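Colleague: Okay, structure incoming, though there's no sequence with it:
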């Protein structure tokens with residue numbers, strides 16, 4: 001497996017794209033190690049773009065009944081809030097290991113910013129994706145065979161925050177095998193489907209998505225560490241740790 005830096009970023013942030021398929025346990029272990037190093041001040045922030053082999057991940061709120069086909073793919077404990085989700089080839093996963101101590105201690109604004117990165121990156125490919133109240137991630141409105149409108153998820157989001165250092169991130173469906181999602185109830189939401197750029201009729205290459213993510217991340221967060229200023233997002237009062245706040249406010253919070 002090889003990696004490469006693709007941005008002329010400052011020493012405060014590494015932008016990495018990994019080739020091939022990254023095993024989930026290895027990625028999780030590397031994130032855990034990097035989070036500790038960022039917290040200790042011995043490593044830079046990291047945005048890590050990769051793909052995983054087919055697998056399911058279970059969040060801390062996962063309902064075993066939502067694992068429809070438990071023998072289909074490996075199932076891993078993700079160590080994040082939320083329920084079951086799928087990762088696999090053709091899906092661009094982007095892990096954001098950022099220090100909110102330096103960027104502003106506002107988890108809701110961070111989540112909003114990640115959604116905005118996805119929305120703008122998808123817009124660069126010609127797709128209109130939108131937020132929906134009560135459903136974290138980004139959604140595409142489209143007609144079905146009967147002419148009725150439906151909403152399908154194209155981009156998922158989920159983070160964990162440890163002492164204000166973030167990890168996990170987003171997943172955009174570029175060209176995955178959508179039948180693989182049928183082994184679970186994705187994010188515990190059965191009334192809506194999933195889609196991809198290919199499913200929408202677009203032959204978008206992974207490199208184009210990567211370039212769009214880089215450009216829009218820089219526009220919103222900055223390749224050099226800076227305070228988040230995209231949009232004020234109210235945070236409930238109280239002294240809860242960021243992880244607990246996410247779990248309370250986003251019961252289906254997913255990657």
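Modeller: Looks like it arrived, so ask away. Every value quoted in this text rests on a predicted model; they were computed, and no experiment measured them.
Colleague: The residue nearest to the spatial centre of the chain: what's it in contact with?
Modeller: The structure's the chain has its C-alpha centroid closest to residue 170; by CA atoms, centre = their mean the separation is 1.0 Å. If a contact means CB atoms under 8 Å, 6 or more residues apart in numbering, then residue 170 has 93-94, 96, 114, 117-118, 155-157, 255 as its contacts. C-betas here are computed from N, CA, C, even on glycine.
Colleague: mind listing the strands for the stretch 1-150 of the chain?
Modeller: Listed in chain order, the strands of the stretch 1-150 of the chain (DSSP state E, counting those that start in this stretch) span residues 3-5, 13-21, 45-51, 55-58, 75-77, 84-87, 91-97, 130-132, 135-143, 149-162.
Colleague: The residue nearest to the centre of the chain: which element?
Modeller: Using DSSP states H and E, residue 170 maps to strand 165-173.
Colleague: what are the pairing partners of whichever helix or strand comes after that strand, and which direction each?
Modeller: Read in the C-terminal direction, the helix or strand following strand 165-173 is strand 193-194, with elements assigned using DSSP H and E. Strand 193-194 has these partner strands in its sheet, going by DSSP bridges: strand 149-162 (parallel).
Colleague: Return the angle between stretch directions for the partner strand and strand 165-173.
Modeller: For strand 149-162 against strand 165-173, the angle between stretch directions is 160 degrees (axes from the mean of the first three to the mean of the last three CA atoms, to 10 degrees).
Colleague: How about strand 149-162, which residues are buried there?
Modeller: For strand 149-162, the neighbour count (16 or more other CB atoms under 10 Å) marks 151-161 as buried.
Colleague: Now do that strand and strand 135-143, the angle between them.
Modeller: Computed with the same axes, to 10 degrees, the direction of strand 149-162 lies at 160 degrees from that of strand 135-143.
Colleague: any idea of the mean pLDDT for strand 149-162?
Modeller: Model confidence over strand 149-162, given as mean pLDDT, is 89.
Colleague: Could you tell me the angle between that strand and strand 91-97?
Modeller: Relative orientation of strand 149-162 versus strand 91-97 (the same axes, to 10 degrees): 30 degrees.
Colleague: distance between strand 149-162 and the chain's centre?
Modeller: Its chain's C-alpha centre and that of strand 149-162 lie 7 Å apart, by CA atoms, centre = their mean, to the nearest Å.
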